[in-house]
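>>> What follows is a predicted protein model with its sequence.
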Amino acid sequence: MEQPSLEVNLTDTQEEGKLYVVDSLNNLNKLNVCPDESQHSLDEEENTGGTGESMAGSNTRNQGLFFVTFILTLIISLALVSFVIFLIIQTRNEMDQISSRLLSEKKNIEELKKINNIILKHLNQSGIKE
């Protein structure tokens, strides 16, 4: 028993024949690659008459799914970037508050040193020594 050859001479066929051959090879490939889905895809093609309407619907569905996924990705990215910017602003505000507190404490410490020096001078002048 001889096995039929899958080679097709495309130069002898017309344009419509070429499309039919390519379509047949695609169907054969689908049968070999994914046997579970092959019956479903062949049934769809039979229902549409093999005119490629199912492929157009599939492409439209894929483009729609890609578009929705792209929009969701952009929205999530925008939300994350906004959150990071919010955190940066909050951190900057906290750092400003801490630095202002440190500056005020530094001023207080300087004032306490001055008062301590004044008290020491006064004690030294009054003659009270330990």
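That came through, no problem. On a predicted model such as this, the values are computed, not experimentally measured, just so you know.

>>> Tell me the helix or strand right after the lowest-mean-pLDDT helix or strand in the chain.
Least confident element among the helices and strands of the chain, by mean pLDDT, DSSP states H and E: helix 35-48 (a mean of 54). Note on helix 35-48: by DSSP states H and E, the next helix or strand toward the C-terminus is helix 53-126.

>>> Report all helices and strands that that following helix contacts.
helix 35-48 (3 or more Cβ pairs under 8 Å, 6 or more residues apart in numbering; DSSP states H and E). C-beta coordinates here come from the backbone N, C-alpha and C atoms, glycine included.

>>> low-confidence ranges in the chain?
Scanning the chain for pLDDT under 70 picks out the ranges 1-19, 32-56, 128-130.

>>> again, only this time at 90
1-63, 123-130 (pLDDT under 90).

>>> I'd like to know how far Leu123 sits from Thr91.
The gap separating Leu123 from Thr91 is 47 Å, by Cβ to Cβ, to the nearest Å.

>>> repeat for Val21
Distance, Val21 to Thr91, using Cβ to Cβ: 65 Å.
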